[in-house]
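K.L.:
With the input below, show me the fold.
(one chain, ligands or ions: 1)
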Amino acid sequence: DFYGLEGKSLDVTKLFAFSNSSLLTQSTEAVPEGSYAEQQAEHGEGPVSTYVPFRNGLFLSAAASLALSLDCGYLYYGAHADDAAGNAYPDCTDAFYNAMGTALYEGSGYELKLEAPFIHSNKSDVVREGLRLQVPYELTWSCYEGGERPCGHCGTCIDRIEAFRANGMEDPAL
Ligand SMILES: [Zn+2]
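P.N.:
This next block holds a predicted model:
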């Protein structure tokens, strides 16, 4: 509504029904508290418990199909380096982005290009660019809990709070 754009949504509940990722509502695990670095210090490097199996691969494939149907030549994806660190989210890495970009380009008959403008940026770089573009951050959501307000304790809340502080301000959504 803010930008006057038409949104589209797709229900993928059934595809994730067999996963116990802590990010999903049917999970028996709680969303962990603490930064990704703290989580990996405890459990080792590799996917964190909030990683949803091949989620970005699924989203990008679905978006590619929609894009081709709507005559779009570019697909933008918001992966950033903090999520890729330590392979916390292996579907946010440079290697994944390049491989997926190639797959979408080949599989679309060279019609669709994948762009990930923040793939080498950390979250404070993302916040800085958004401030320059006057993004209405008070309308944005990062938290992994489904409350009325961000929890302030999950990995993505902590990353976001630190990203705003690195830019000399408090998170306006908190
Ligand atoms: Zn949170």
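K.L.:
what does the chain put close to the ion?
P.N.:
C143, C151, C154, C157 (C-beta under 5 Å from the ion). Quick note: C-beta positions are derived from backbone N, CA and C, even for glycine.
K.L.:
In a markdown table, list those residues along with secondary structure.
P.N.:
As requested, the residues of the chain next to the ion are arranged in a markdown table below (DSSP: H, G, I helix; E, B strand; the rest coil):
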| residue | secondary structure |
| --- | --- |
| C143 | coil |
| C151 | coil |
| C154 | strand |
| C157 | helix |
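K.L.:
Switch these over to CSV; also include pLDDT and neighbour count.
P.N.:
Shown next, in CSV, are those (pLDDT from 0 to 100; neighbours: other C-beta atoms under 10 Å):
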residue, pLDDT, neighbour count
C143, 93, 19
C151, 91, 16
C154, 89, 23
C157, 91, 22
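K.L.:
which residues of this structure fall in strands?
P.N.:
Ranges of strands in the chain, per DSSP state E, are 74-76, 113-115.
K.L.:
With respect to burial, which of the ones you listed scores highest?
P.N.:
Highest mean neighbour count among the strands of the chain (mean count of other C-beta atoms under 10 Å): strand 113-115, with a mean of 16.
K.L.:
helices or strands up against it?
P.N.:
strand 74-76, helix 94-107 (3 or more C-beta pairs under 8 Å, 6 or more residues apart in numbering; DSSP states H and E).
K.L.:
now what about it, what contacts it?
P.N.:
If you take C-beta atoms under 8 Å, 6 or more residues apart in numbering as the criterion, strand 113-115 is touched by L60, G73, Y74, L75, Y76, Y77, Y97, M100, G101, L104, Y105.
K.L.:
can you pick the most crowded of those residues?
P.N.:
Using other C-beta atoms under 10 Å as the neighbour criterion, L60 leads the contacts of strand 113-115 with 24 neighbours.
K.L.:
Which residue of this structure lies farthest from its centroid?
P.N.:
Here the centre of the chain is the reference, and by C-alpha atoms, centre = their mean the most remote residue is G109, at 26.9 Å.
K.L.:
before we move on, back to that, quick one: which of the contacts of strand 113-115 is nearest the ion?
P.N.:
Checking those against the ion by C-beta to the ion gives Y77 as the nearest, at 21.9 Å.
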